[in-house]
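[1] The following block contains a protein sequence and its predicted model.
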Amino acid sequence: MSINQSSKFILVPNEHIYSLCEVLDMQLNLRTIFENPNLGECKKTLCGLAKLRSDSLFKTQNNVNALLSIYSQFVKSGESDLMVEALKGLRNVIPYSGQNFKCAKEREILLAVMCSAAGVDNKPNVRLEAMNCLIEVCAIYSDQLDPYFTEIHDIVMLPLESKSNEELIISIKGFELVLEFSKVILFKMEKGVGTSAIKEIVILEPLLENIVEKCTNCLTKSYNDSSENIAIKEFNSQKAYLATLILSYLCKIYKFNAASYLVPFIGNPCTSDYDFDCELKGIAFTALSCALHCGELDKYLDSALRNLFSFAIRTIVEPQMTRHKESAASLISTALLYYPNLIKTDFISHKTTEACVHNLSKYNTESILIAIKNSLGCDPSIDKILSVALTYFLSNPHTHADIVSQQFPQLLHQLYASLCNTTVANTIISIGNAIQSLILNSPFKCITFIPDLITKIVTVMGKYFQNEDQKTLKLFSRDEKNTSCAIVSVNCLLINTCVGKYQDEFKNDLGIFVFSLIDFIHKLIKLSPVFTPPICMCLEEMLLLLIALYNQMNHYIMANMNKVFNFVCDMLFSFSQKMTDYSYVAVPCIVLELLIIVIENVKEKAKSIMEEIFRDINQLLENVLPNPEIIIAINRFVSYLAYCFHILSASYFN
């Protein structure tokens, strides 16, 4: 055996551990019998042994037994330095002491040693290390602590009026122990273990009232702390943070409403002139999140709470605010889940919401998706925000396909229900974009829900397709809010998206719908005195859908090609006469694209009305060219135009 003096680390082969323990035992006995003054060598030996953490060291049960025995003896020695080193060593061995903790007699001896050290007077360092040992035991062997936990609790929940830094540190360790115990319970509950089978619930329940009282007192002390001692302030703050976490766990485990305990402390960090610096912002986020979980918080939704919620959003969004992002994310997710009214349109800008959701998804992907789903439809004024957020969320690389798949049916249903219940054009478009994003980012197995969506869309579109002429004119030409145009545009976009992603599944399902769509467009262009921007937007989506459906179901269209040709020619004429805003030149581009498709199939028919087609194209050209500000769209238009002339000329001269 030798000691490396520079590192104070014992270099000893593993097979000699048992012998080393015998040496330590002899040193301890000599000191006891002869009051050997040479404590230094004894401490060095013990200190070195306590630093050994090799897994192979603890594989042999004989080694574990020997180490537990010698450490326990040194803890009982009464010498502070030796007790501290022995407790450090004991903590290292605890994870490998499963066999010992299963034996009631050995378990009782070990816990008695630790509890005795945790309660010793005037030795804060000893108490601190004993606390660390008890926390380790709680984390690993929590279900074996009955009936010892009451005694442990009485020792670790020390008086809150402690003034010294050492006492405060020890008190913090006590809270950490209760928190560790609570985590074990919650972990088992989340794994589906029945509450009757979780021993820890039974162990903790009799102490619940006392723990809640201690935690509440701790919060009160922290928020009312007028001490000028920065260290004590920080200790109180840290303890309050732990107390809040404990309350959060306990209210989830025992289903009691902690709002009454937590709400009085929520507003302070936002209203006080003193910047609570490090942890108190995080405490407030966690406290509010906990209170929201408990429900019945409407009466507390005052300006201070809203300020705190706003600060949580800033914490998430602004890069320079590096601390407490996780607790802020938890708060916002919880608020979205339970209190969507907290995020009214006038409360958060769309840009902030997008950035917020982007950051939230890093912390809890499933939580934010469920929160958005549950909040949809609660209040139409926030559906737009939620839709924008969902669109951004689904495009985020952190989003997982399996989570989207689980939530897909409910999200799809609720989004489309919100779409149908909304009368604001911009909101309709935002929700439509969210549905499109959901479809595009959904796993292929979600196809089973798509036919039902298309059936709903066709039903909604039918309300417009079957209107009398004058009603249609009123809906589209005189609709100042542009709601009807937005609804038709979005529904066309969604069918196009469904057919585009699942094209092989819809070859024979939409043939009748194609001609309903053609009739509707035909009626619309004839009845509209001018093509306003909303009508152009609507026509663009309908024509794009028509081209998409043509590519999928050309056998239907080929059988009625003359009808389609007449329709396209009427479209061409209408655009040459009625279009006033050529920023929508993309729409006549689509008409030309349709014309190219049709002419190639009905060349003889095209010859008979060639002059009319040339006239309409020429009129379009004269209207488009004086608009240099839309040069990119004009280039596309001219390209289509040139190809049209090529086909028409070839048809005419053949």
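    That came through fine. Residues are numbered from 1 along each chain as shown.
[2] Which neighbouring elements make contact with the helix or strand encompassing C492?
    C492 belongs to helix 483-501 when elements are defined using DSSP states H and E. Helices and strands touching helix 483-501, by 3 or more Cβ pairs under 8 Å, 6 or more residues apart in numbering; DSSP states H and E, are helix 425-440, helix 450-465, helix 469-477, helix 533-552. The way it works is simple: take the backbone N, C-alpha and C, and place the C-beta from them, glycine included.
[3] model confidence over the third one, on average?
    The predicted model assigns helix 469-477 a mean pLDDT of 53.
[4] Stretch 253-260 too?
    Mean predicted lDDT for stretch 253-260 stands at 64.
[5] who wins for proximity to E209 among the helices and strands packed on helix 483-501?
    Of all those, it is helix 425-440 that lies closest to E209, at 46.5 Å by Cβ to Cβ.
[6] What are the buried residues along that closest one?
    Using 16 or more other Cβ atoms under 10 Å as the test for burial, helix 425-440 gives 425, 427-439.
[7] Quick check: the gap between G174 and F449.
    52 Å (Cβ to Cβ, to the nearest Å).
[8] Likewise for G89?
    Note on G89: its distance to F449, by Cβ to Cβ, is 60 Å.
[9] okay, those two: which has more neighbours?
    Between G89 and F449, counting by other Cβ atoms under 10 Å, G89 is the more crowded of the two (25 against 15).
[10] per-residue confidence averaged over the helix or strand the more buried one falls within?
    Per DSSP H and E, G89 falls inside helix 80-93. Averaging the model's pLDDT scores along helix 80-93 yields 86.
[11] Now it: buried residues?
    Buried-residue list, helix 80-93, by 16+ other Cβ under 10 Å: 81-93.
[12] before we move on, what about stretch 201-215?
    I201, I203, L204, L207, I211, V212, K214, C215.
[13] Looking at that stretch now, give me its mean pLDDT.
    76.
[14] what about it, how long is it end to end?
    18 Å (Cα to Cα, to the nearest Å).
[15] measure T220 to G174 for me?
    T220 is 17 Å from G174, by Cβ to Cβ.
[16] that older thread, can you name the residues in contact with the helix holding C492?
    419, 423-426, 428-429, 431-432, 435-436, 439-440, 450, 453-454, 457-458, 460-461, 464, 475-476, 479, 506, 510, 513, 517, 534-535, 537-538, 540-542, 544-545, 548-549, 552 (Cβ atoms under 8 Å, 6 or more residues apart in numbering).
[17] residues contacting E180?
    Contact analysis of E180 by Cβ under 8 Å, 6+ apart lists I135, C138, A139, S142.
[18] Just the buried subset of these, please.
    I135, C138, S142.
[19] residues in contact with the last one?
    Okay, so that is S142. Neighbours of S142 in contact, by Cβ under 8 Å, 6+ apart: E180, F181, V184, K199, E200, I203.
[20] can you tell me which two in those are farthest apart?
    Within the contacts of S142, E180 and K199 form the most distant pair, 15.1 Å apart (Cβ to Cβ).
[21] that's a helix at S442, yeah?
    No: secondary structure assignment places S442 outside any helix; it is coil (DSSP: H, G, I helix; E, B strand; the rest coil).
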